[in-house]
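Peer 1: Need coordinates for the below:
(chains A and B)
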Amino acid sequence: MATTSSSASSSRSLPRRAAIVGANRIPFARSNGAYARASNQDMLTAALDGLVARFGMAGEHVGEVVSGAVLKKSSDFNLTREAVLGSRLAAATPTYDVQQACGTSLQTTLLIANKIALGQIEVGIAAGVDTTSDAPIEVNEGLRSVLLAANRAKSTAGILKALSGLRPGQIVPEIPANREPRTGMSMGEHAAQTAAAWQISRRAQDEIAAASHQNLAKAYDRGFFDDLVTPYLGLTKDNNLRADSTVEGLAKLKPVFKPAGYPDTEATMTAANSTPLTDGAATVLLASDEWAAERGLPVLAHFVDAETSAVDYVHGGEGLLMAPAYAVPRMLERNGLTLQDFDFYEFHEAFASTILATFAAWEDPIFCKEKLGRDEPLGSIDRSKLNVVGSSLATGHPFAATGARIVPTLAKLLHEKGSGRGLISICAAGGQGVVAILEA
Amino acid sequence: MAVETLDGPPTLGLLYGRALLTARSGGATLPDRRLDLPGVRIDADAVADYAHVCGFGVGGVVPPTYPHMLAFPLQMRLMTDREFPLPAPGMVHLRNVITQARPPEVGEPLRVAVHADRLAAHPKGAQVDLVTAVVDQDDAEIWGSRSTYFVRGAPAPEGADGADGVPAAPPEPDPHVGRLPHAIWTVPGDIGRRYAAVSGDVNPIHVNGLAAKAFGMPGVIAHGMWTKARALAALAGRHGPAFTVDVVFRAPVRAPSKAYFHTAAVDGGWDAKLVSTKGKDHLLLTLRDA
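Peer 2: Coordinates of the predicted model:
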């Protein structure tokens, strides 16, 4: 199958394809646990230094490093630059920060891959990091406006007048919440509505969750992550992993997210089939084939194409996390591929129900006709090729780090197989999605 | 109708004080006069304060509910007159229809004109309409609104229904929305105070729990015009500059509380509903582009 479309892909005539050479991440840790004292900068620096050590790049001047975090303190305005300055990379390595919610580090991978493809750089590092433990806390909005007014005041009297607006209640800080600003609904509440709309069963969700844990555990056991993960702060593997997860065991958990507007629909989403808040950082090393060859480094896979999409979820036009359902068909079309032309499917499990709703949409002739304008549905995927070494439900999901976890995972799977093609799909807050194709 | 031209905006705190303390004579008919306030200029800072409380962006068009801030002191001035047939404290907003021909600009000279009509019986008391026109320098009405206020237990005026020669109210808006809420509102406990601070509408039912109960409310309730403003803020950027937005206020929105906001894009505009978590209608809205 992997051979059917190379002509179609190459007809897009990019100057060259970026190679995924390797990667490094730190184990992901559940919120307020092992990494409670570590900052975004600490974790990103650790992940970068692990990558530098693995590929002997100490003192190396890399084309650029692009990273980002979703939950970011204002003092971290130059997060990636600060991490690089504290790492063993050459201090002259340029950087910038990107933030696209959960799509961040698939987007940073795309940015690096495009610059390599255009010949603007030979090598780059895409990364992402997030902490939900060392989260930025903002002062109360009331206190903030009083302090800003005092700051704007030009006279002592003006400052005093502004400060007279201080009230005891303003001491209560604001902690970032996982809510969509325009809907007031948490991501879980949005996902619960989508799950109810597509009638995704509790059992189907628990099957995805159990498989994710079992696959991740097996992958660790066979050493799959030995050259992808470096221990950090006492962790050697993701501490959200429950190797003994079974569908029967998960069925005992109480559901947490009720679908608003579906009073008669039973809640199906639990702490196990929803990703937990997690801390962690991940990096990917991308380069031109020539750069890798000069150093005798393997090319795990090539970055073929990517698509970013968004849906209007604000007034119910589409589910918050359904953007990939639109991005994938567009990308397939451009590359002359079908949904079935893949050896691996790496789908970010924001919620088990999210990927199940996406699959259901692609199997639904009405959705495919009305929303995608296709005469035929995209059809089903072979589930035995889905998240074969586990995904976010088992590893956890430090928002901005997930793309940089998935890209090397898929690249290594393709490299192990020797040839083939894989599809990556990540949904993101704000109704966005990033999807990509890798080939070996 | 006689026109009384004012030198400056009435002070709302004084008007409420007068309304609470002065013995009313409570005439049987509406005052046959219009209050005019010329030379009004919308202040950018005041709009920013209002936008922060209601959820509008700052620096774009003036929020379509903002001119109500210019009209409200005049409405109160009319309604707190000794001879006005209904008492102002405890008044409840039942309906508000805004027709905007174009958004007003910050700083442009405007004239605000307010009069009362359609004094009518209500199954539980009496109601009255306060009509506002915002007129630009070319004498064009760029913004108009009709607010219907209700007073529980007020004596129904004799033969007042339609007696003033004003046609009866058009049918209430009938929004058609899906059963799925597209947003969950968290109504802050202090929203009555915060909206009172930017609007001057210090009606006790919005700022004090005991007072609210004294007026038959379950507790402090959010201003109806705040819920309308917030609903329109959610539709910002999705309708044209000229439109009519008709809202009826049903069950009061308690502060604090949560509520479900339903929206639907329809031919020529939007339908929306704000519904309590128990399924009671709070607000019914239709917006139709002109």
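Peer 1: For the residue of chain A positioned farthest from its centre, identify the helix or strand it belongs to.
Peer 2: The C-alpha centroid of chain A is most remote from A:A157, which lies 50.2 Å away (C-alpha atoms, centre = their mean). Under the criterion of DSSP states H and E, A:A157 resides in helix A:156-163.
Peer 1: what's that helix packed up against?
Peer 2: Counting contacts by 3 or more C-beta pairs under 8 Å, 6 or more residues apart in numbering or on different chains; DSSP states H and E, helix A:156-163 is packed against helix A:141-152. All C-beta atoms are positioned from the backbone trio N, CA, C, and that covers glycine.
Peer 1: between the helix it packs on and helix A:156-163, how big is the angle?
Peer 2: Using axes from the mean of the first three to the mean of the last three C-alpha atoms, to 10 degrees, one finds that helix A:141-152 and helix A:156-163 are set 170 degrees apart in direction.
Peer 1: returning to what we had before: list the buried residues of the helix holding A:A157.
Peer 2: A:A162 (16 or more other C-beta atoms under 10 Å in any protein chain shown).
Peer 1: again, but for stretch A:297-310
Peer 2: In terms of neighbour count (16+ other C-beta under 10 Å), stretch A:297-310 has its buried residues at A:L297, A:V299, A:L300, A:A301, A:H302, A:F303, A:V304, A:D305, A:A306, A:E307, A:T308, A:S309.
Peer 1: mind listing which of those are in strands?
Peer 2: Judged by DSSP state E, the subset of the buried residues of stretch A:297-310 located in strands is A:A301, A:H302, A:F303, A:V304, A:D305, A:A306, A:E307, A:T308, A:S309.
Peer 1: Let's have those residues in a markdown table, adding pLDDT and distance to A:L147.
Peer 2: Listed next are these as a markdown table, based on pLDDT from 0 to 100; distance: C-beta to C-beta, whole Å:
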| residue | pLDDT | distance to A:L147 |
| --- | --- | --- |
| A:A301 | 98 | 51 |
| A:H302 | 98 | 52 |
| A:F303 | 98 | 46 |
| A:V304 | 97 | 50 |
| A:D305 | 97 | 48 |
| A:A306 | 98 | 43 |
| A:E307 | 98 | 43 |
| A:T308 | 98 | 38 |
| A:S309 | 97 | 40 |
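Peer 1: So for chain B, the centremost residue is which one?
Peer 2: Most central in chain B (C-alpha atoms, centre = their mean) works out to B:M225, at 4.8 Å.
Peer 1: looking at it, it is touching B:V92, isn't it?
Peer 2: No - the criterion here is C-beta atoms under 8 Å, and B:M225 misses it with B:V92 at 11.9 Å.
Peer 1: ok, back up a step: and the average pLDDT for the helix holding A:A157 is what?
Peer 2: Mean pLDDT, computed over helix A:156-163, is 86.
Peer 1: so after that helix, what's the next helix or strand?
Peer 2: helix A:187-197.
Peer 1: which residues touch that following helix?
Peer 2: Under the criterion C-beta atoms under 8 Å, 6 or more residues apart in numbering or on different chains, residues A:178-180, A:183, A:205, A:256-262, A:265, A:267-269, A:274, A:313, A:319-322, A:350-351, A:353-354, A:356-357, A:429, B:180, B:184 lie in contact with helix A:187-197.
Peer 1: Tell me the buried residues in the helix ranked longest in chain A?
Peer 2: Longest helix of chain A, by residue count under DSSP state H: helix A:202-221. Buried residues in helix A:202-221, counted by 16+ other C-beta under 10 Å: A:202, A:204-217, A:219-220.
Peer 1: Would you mind putting the CA coordinates of whichever strand or helix holds A:L285 into CSV?
Peer 2: Per DSSP H and E, A:L285 falls inside strand A:278-287. What follows is strand A:278-287, C-alpha atoms only, in CSV (Å, rounded to 0.1, in the frame of the first residue of the first chain):
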residue,chain,number,x,y,z
THR,A,278,-0.1,15.9,33.0
ASP,A,279,3.3,17.6,33.1
GLY,A,280,6.1,16.8,30.6
ALA,A,281,8.2,17.9,27.7
ALA,A,282,9.1,16.3,24.3
THR,A,283,11.5,17.1,21.5
VAL,A,284,12.0,15.9,17.9
LEU,A,285,15.1,16.2,15.8
LEU,A,286,14.4,16.9,12.1
ALA,A,287,17.0,17.3,9.4
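Peer 1: Neighbouring strands - and their directions - for it?
Peer 2: Note on strand A:278-287: by DSSP bridges, its sheet partners are strand A:18-25 (antiparallel), strand A:29-30 (antiparallel), strand A:123-130 (antiparallel).
Peer 1: chain center to it: distance?
Peer 2: 10 Å (C-alpha atoms, centre = their mean, to the nearest Å).
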